[in-house]
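Colleague: can you look at this prediction? I've put the sequence above it.
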Amino acid sequence: MRAASLLLAVTLATWTAAGAASIPIPEDYEPPFRPEGRPLEGLVITVDPGHGGSSFSEGYHGSARGINSRVVEGDLNMLVSGLLYHHLRDAGAEVHLTRRDDRKVTLGDTGRAEELGARTDLAEETRSHLFLSIHHNSAPRRTAHGVVILIWPTDSEGEDQPLERAFADILREELMEMVPWNEEFGHYMIEHPLVMNSDLPSAVVEYGFLSNAEFDEWVSGPTAHKTEAIATYNAVVRMWQEYRQELEELRDEVLPPPAETTELPAVDDDVFPLGRPAGNVWWLDRTARDAAELRHAVSTWRNVTITDRTTMHVDLQVEEQGEDGRFALTGWAFHPNLRQGAATLVSRVAGSEIEDKVKLLPDLPEDMSPFGIVDIPMALTWGAPREGAWVQTQLLYGEPLFLLRQSDAGDYFHVMGIDGYTGWVRKDAVRHLDRDEFTELMTGPTARVLKNTMKDDFRIPPASRVMVEEIGGDTVTVRLADGSTWEMPAESLNLPVETSPGEIAARTALEEFLYVPYIFGGRSTLGLDCSGLSGAVWAAAGVQLPRDANQQSLTGQIVGTPWYLDALMPGDVLYFIDTGGRVIHSGISLGGMDFIHASPPEVHITSLDPESEHYSPTWAHAFVTARRPAP
């Protein structure tokens, strides 16, 4: 038993030392590349990540491997293409990818010609101006080290294709500016299916030789695919700016535009008579007649659009202002976006500007801290500040509380527990905490009570929280909600673990997913979306989250709000909302205000701290809550 106690003591010391410590941003971190302006407006391009699916698909041989790193060519091609997709789109191009993960384009036991033909067919189906296939090379001569461009500049009539030659020249020039090489290769003229089956300018890019140890070492690094994608983007921009007219004329000649079709009426004019902000909740072709109809619209908006109506709390009313027929929106909202969304809706449905009198939570006296702790065994919460006003939930001893409002009489607090539930609780159930005390409560070592425990006549029920001060022998010294300490049997507590799942999740995100391209629906190291990242790294830590961000936002304990970020620890999941109250994004805290997230073009690091070089006012404004899926 003494050995077990010693282990617990070491565990506590390790956990406490880690505490709320953040994981530092790597010194060599590279922020995402962002195109300037929209120089590719009008361009349609098909990008083909070469190979894919070779390890498990029938009828398709494998791609090359790094001579030392063993990195898979098909994976590199996907990483480059995933970033290039976003760079080109951000610059105004219409971009089509032939694949988005590790797979073939065709199904079943198809031959090489059919597989490659399906890739070039997409360029014609989408009326692309350019077709570009992304590859990495390999050769028996291990010293070969340079960029190679494959083309077949002869059209179906046997005529020369000067635009394809120009495309190859520009690609080679731009790539050799950024990609390492020591040998200059001429263009490789070959009747390859990827470049000979279309009269559109087509090229296969081979960035370098995986069979060369020097290039293999560079390309298997964490940011090489970023460099290759930027260099390729620069080439496409040059090609479009220098040859746009010729490319437009050639496309119209090779792929005549489809016959004109009758345009459908604009959605806002037909389906949503009063516009999209009102469309989900107000289908009438007239404005509201009175405050009652506006209140109904607000209630419907709350019930239909807000992801979590308990955490993202709104308590709104619409009132008539005098005899001029104007309306005012009053009440409280948890987040500025909720206030803005409601005001926009009411103005649209009312058909006129309204007066926005909504207050943001917390709304407390200036000298009152918005933090507290439950210091009685249990306390019911209510839907209004009075006993019996439709019960909401029950709070248990030691639970942290966010204080949102105080009743007019001062005898009730409107609170939010760490489960995200809100309700009114009697004032005598709450002990106020200052910010530092609350942060210690949220980040320090805590234990859950396993058994109904009595301290004299005072009950501490199962699932209550206590702070752990010291572990020794068969007892644990804990700090109670009133600030006093007490010894409890170790067997009656679920004690903190040495390495938190959150730290595992955050380090996995940073070490395995940084710079991975954003691919909607993805969950892998070849491409993933925001909730795919959150789900993947927490799964690696042993905790299964729901798939989508709006589902994940209901999981775990609340540890951060728009007005409180002090307790963020590595692995906490940050959530962001739009003006409709919908959760639209998630990220993984590195501890403190820095977080890693999958947002176009790639997984990267952003900060909520205005003093940070990685600060984003957009994400800071949209941030709504942070949750800790597991302690």
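Modeller: Cool, the structure landed.
Colleague: residues of stretch 114-127 that come out buried?
Modeller: Using 16 or more other CB atoms under 10 Å as the test for burial, stretch 114-127 gives 114-124, 126-127. Glycine gets a C-beta too; all of them are placed from N, C-alpha and C.
Colleague: cross the residues you listed against helices and list the overlap.
Modeller: If you go by DSSP state H, the buried residues of stretch 114-127 have 114-124 in helices.
Colleague: which helix of this protein spans the most residues?
Modeller: Longest helix in the chain, counting residues (DSSP H): helix 224-254.
Colleague: packing partners of that helix?
Modeller: If you count contacts as 3 or more CB pairs under 8 Å, 6 or more residues apart in numbering; DSSP states H and E, helix 224-254 packs onto helix 73-90, strand 130-137, helix 162-178, helix 213-219.
Colleague: apply 7 Å and report the result again.
Modeller: helix 73-90, helix 162-178 (3 or more CB pairs under 7 Å, 6 or more residues apart in numbering; DSSP states H and E).
Colleague: right, so of the ones you listed, which gets closest to residue 447?
Modeller: Among the helices and strands packed on helix 224-254, the nearest to residue 447 by CB to CB is helix 73-90 (43.6 Å).
Colleague: gap between the helix or strand just after that closest one and the chain center?
Modeller: Sequence-wise, the next helix or strand downstream of helix 73-90 (DSSP states H and E) is strand 94-97. On the basis of CA atoms, centre = their mean, to the nearest Å, strand 94-97 sits 22 Å off its chain's mean C-alpha point.
Colleague: show me the contact partners of strand 94-97.
Modeller: When contacts are defined by CB atoms under 7 Å, 6 or more residues apart in numbering, strand 94-97 is touched by residues 44-47, 49, 81, 85, 88-89, 122, 126, 128.
Colleague: report the buried residues of it.
Modeller: Result for strand 94-97 [16+ other CB under 10 Å]: buried residues 94-97.
Colleague: cool, stretch 492-507 as well?
Modeller: In stretch 492-507, counting by 16+ other CB under 10 Å, buried: 492-493, 495-496, 500-507.
Colleague: same question, stretch 149-166
Modeller: Under the neighbour-count criterion of 16+ other CB under 10 Å, stretch 149-166 has 149-155, 161, 163-166 buried.
Colleague: and that stretch, what's its mean pLDDT?
Modeller: Regarding stretch 149-166, the rounded mean pLDDT is 94.
Colleague: for the remainder of this discussion, apply numbering that starts at 237.
Modeller: Got it, the first residue is 237 from now on, which makes the last one we talked about stretch 385-402.
Colleague: got the end-to-end distance for that stretch?
Modeller: End-to-end distance of stretch 385-402 (CA to CA, to the nearest Å): 12 Å.
Colleague: how far does it sit from the chain's center?
Modeller: The chain centroid and the centroid of stretch 385-402 are separated by 42 Å under CA atoms, centre = their mean.
Colleague: what lies in contact with it?
Modeller: Residues outside stretch 385-402 that contact it (CB under 7 Å, 6+ apart) are 404, 407-408, 423-428, 431-432, 435, 437-442, 479, 482-483, 486.
Colleague: and these, which are buried?
Modeller: Using 16+ other CB under 10 Å, the buried ones in the contacts of stretch 385-402 are 404, 407-408, 423-424, 428, 431-432, 435, 437-442, 479, 483, 486.
Colleague: show me the strands in the stretch 687-836 of the chain, by range?
Modeller: Secondary structure of the stretch 687-836 of the chain, counting by DSSP state E, counting those that start in this stretch: strands at 689-691, 694-696, 701-708, 711-715, 721-725, 729-730, 759-760, 763-764, 793-796, 806-813, 819-826, 830-835.
Colleague: tabulate these in JSON lines, adding columns for distance to residue 538 and mean pLDDT.
Modeller: As requested, the strands of the stretch 687-836 of the chain are exported to JSON lines (distance: least, CB to CB, whole Å; pLDDT from 0 to 100):
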{"stretch": "strand 689-691", "distance to residue 538": "41", "mean pLDDT": "90"}
{"stretch": "strand 694-696", "distance to residue 538": "37", "mean pLDDT": "92"}
{"stretch": "strand 701-708", "distance to residue 538": "31", "mean pLDDT": "92"}
{"stretch": "strand 711-715", "distance to residue 538": "39", "mean pLDDT": "94"}
{"stretch": "strand 721-725", "distance to residue 538": "43", "mean pLDDT": "94"}
{"stretch": "strand 729-730", "distance to residue 538": "37", "mean pLDDT": "92"}
{"stretch": "strand 759-760", "distance to residue 538": "32", "mean pLDDT": "92"}
{"stretch": "strand 763-764", "distance to residue 538": "32", "mean pLDDT": "95"}
{"stretch": "strand 793-796", "distance to residue 538": "20", "mean pLDDT": "96"}
{"stretch": "strand 806-813", "distance to residue 538": "13", "mean pLDDT": "96"}
{"stretch": "strand 819-826", "distance to residue 538": "15", "mean pLDDT": "96"}
{"stretch": "strand 830-835", "distance to residue 538": "27", "mean pLDDT": "97"}
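Colleague: and the ones you listed, which is most packed in?
Modeller: strand 806-813 (a mean of 28; mean count of other CB atoms under 10 Å).
Colleague: angle of it against strand 819-826?
Modeller: 160 degrees (axes from the mean of the first three to the mean of the last three CA atoms, to 10 degrees).
Colleague: for strand 806-813, name the packing helices and strands.
Modeller: Applying 3+ CB pairs under 7 Å, 6+ apart, we find strand 806-813 packed against helix 737-744, strand 819-826, helix 853-858, strand 859-864.
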